[in-house]
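A.B. asks: my questions concern the predicted model and sequence given below.
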Amino acid sequence: MPIAEDGSYSEENLEMTKAISAWKLFNKNVVSEVNELKNHIDKTLDMRFAADLPVLLFTTKEDQVSEDGKNLETFFKTRLTDSPSSRVVVLGGHHNLHWTRYKEMSKEVNEFIKSSAAE
């Protein structure tokens, strides 16, 4: 369910989200994908974007830091390319940033497209 301030979503919208989530999240295909998650991660560990491909990544502000001082932001920065447009945008919120921070994300995407086109 969306984590948001009270009043952000109507009761009708919250009920619809519950129904859609239950319908979409708990089926055999999703369970199969979750069971394969480690294998999928292992396959992509050494993959990289093309060096000149602009990359825009969004992540949540992460207070948890690993023993070696890394967090989600530092991890995503390792995935960036040499393109001057590439960047990681950190926003406050939960996993579903697109539900609550869509205005900021839209602005960032528009700026990213403009800067990438200028390269």
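C.D. replies: Here it is on my side, so go on.

A.B. asks: now do the same contact list for A4.
C.D. replies: Each residue near A4 by CB atoms under 8 Å, 6 or more residues apart in numbering is listed here: 99-100. Quick note: C-beta positions are derived from backbone N, CA and C, even for glycine.

A.B. asks: and the lengthiest helix in the chain, what does it pack onto?
C.D. replies: Longest among the helix segments of the chain by residue count, using DSSP state H, is helix 102-118. For helix 102-118, the elements it packs on are strand 56-60, strand 87-91, judged by 3 or more CB pairs under 8 Å, 6 or more residues apart in numbering; DSSP states H and E.

A.B. asks: and that helix, what's buried?
C.D. replies: 105, 108, 112, 115-116 (16 or more other CB atoms under 10 Å).

A.B. asks: same question for stretch 75-90.
C.D. replies: 76, 80, 83, 85-90.

A.B. asks: go on, stretch 64-76?
C.D. replies: By neighbour count on 16+ other CB under 10 Å, the buried set for stretch 64-76 is 71-72, 76.
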